[in-house]
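Q: This is a predicted model, with the sequence first.
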Amino acid sequence: MHILQSKTVADQVDEILLERLREGLYPAGSRMPSEIELSDELGVSRATVRTALAKLAINGLIIRKQGDGTYVNARVREVSAHSGNLWDLAELIISNGYKPTIQPIMIEKRSASEKEALALALQPGDDLLFMRRLFLADGKPAILANNFTPFSLLHEPMESIDGMLHIRDIFLRYCRQKIGFAITDIHSRMIGKETHELLGGDPYRTVLELQVAFYARDNTPLALGINYFDDSFLHLSLVQAWN
């Protein structure tokens, strides 16, 4: 495998290793290839590999043991699901011990409200891609996700969107964008009628509302997510790496 030159070498190595961790190519608790092995495989210097590994270690994804090598954090799923506030809803379900399923409810074009326009640096009335999806945990409704994205970001027909994909994969495939970071606000809300119809349970209970603003690395707004999280059986935790 060789590095392309569209991005800095260090950035590409970091993205490759991070994706391997997410996909489980390096299982939790396992020993990773050595710096020399990664350097030879990727065609980069050991210094570049060392820099990428140091970044993963700072974020708590791997553990470096002097004289013994580099190991994947045994809790890598929890860390990767929460690290940097980039919430992956399917990973949240997995970290609770359940199997996630994504059920598309609605994918349509609509006009931006004032709130949505403000969050996405648009004008009220501008076109949005709206996606409503239900995340199931072992078949039980767990999270209702609503995503609003500037329609102008689409590079493929709206009708071709596979709503069962993870949000990061939707951006890569249909918008040719990579999520750089996300900012999450968490609130407690009384469950609304529409949300209750999809999540079920007590119609008078509160649920957690996760408002997530997704950005590209150059600070371009990519999406506004308003997600309703049933914490009556799912546990929501935040993992932070301490330097």
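A: Sure, I can see it.
Q: Name the SS class of residue 219, please.
A: coil (DSSP: H, G, I helix; E, B strand; the rest coil).
Q: which residues sit in contact with the residue lying closest to it once chain neighbours are set aside?
A: Spatial nearest neighbour of residue 219, excluding adjacent residues (CB to CB, 6 or more residues apart in numbering): residue 180 at 7.9 Å. For the C-beta atoms, the positions are set from N, CA and C on the backbone; glycine is no exception. The contact partners of residue 180, by CB atoms under 8 Å, 6 or more residues apart in numbering, come to 215, 216, 217, 218, 219.
Q: quick one: buried residues of the helix ranked longest in the chain?
A: Across the chain, the longest stretch assigned as helix under DSSP state H is helix 9-23. Neighbour-count burial for helix 9-23 flags 9, 10, 12, 13, 14, 16, 17, 18, 21, 22 (criterion: 16 or more other CB atoms under 10 Å).
Q: neighbours around residue 105, how many?
A: 13 (other CB atoms under 10 Å).
Q: I'd say it and residue 132 touch.
A: Yes: at 4.3 Å, residue 105 counts as touching residue 132 under the criterion of CB atoms under 8 Å.
Q: Quick one: list the elements packing against the longest helix of the chain.
A: Secondary-structure packing of helix 9-23 (3 or more CB pairs under 8 Å, 6 or more residues apart in numbering; DSSP states H and E): helix 35-42, helix 46-58, helix 76-82.
Q: Kindly recompute the last result at 7 Å.
A: Applying 3 or more CB pairs under 7 Å, 6 or more residues apart in numbering; DSSP states H and E, we find helix 9-23 packed against helix 46-58, helix 76-82.
Q: weakest of these by average pLDDT?
A: Mean pLDDT values for the helices and strands packed on helix 9-23 show the minimum at helix 76-82, a mean of 55.
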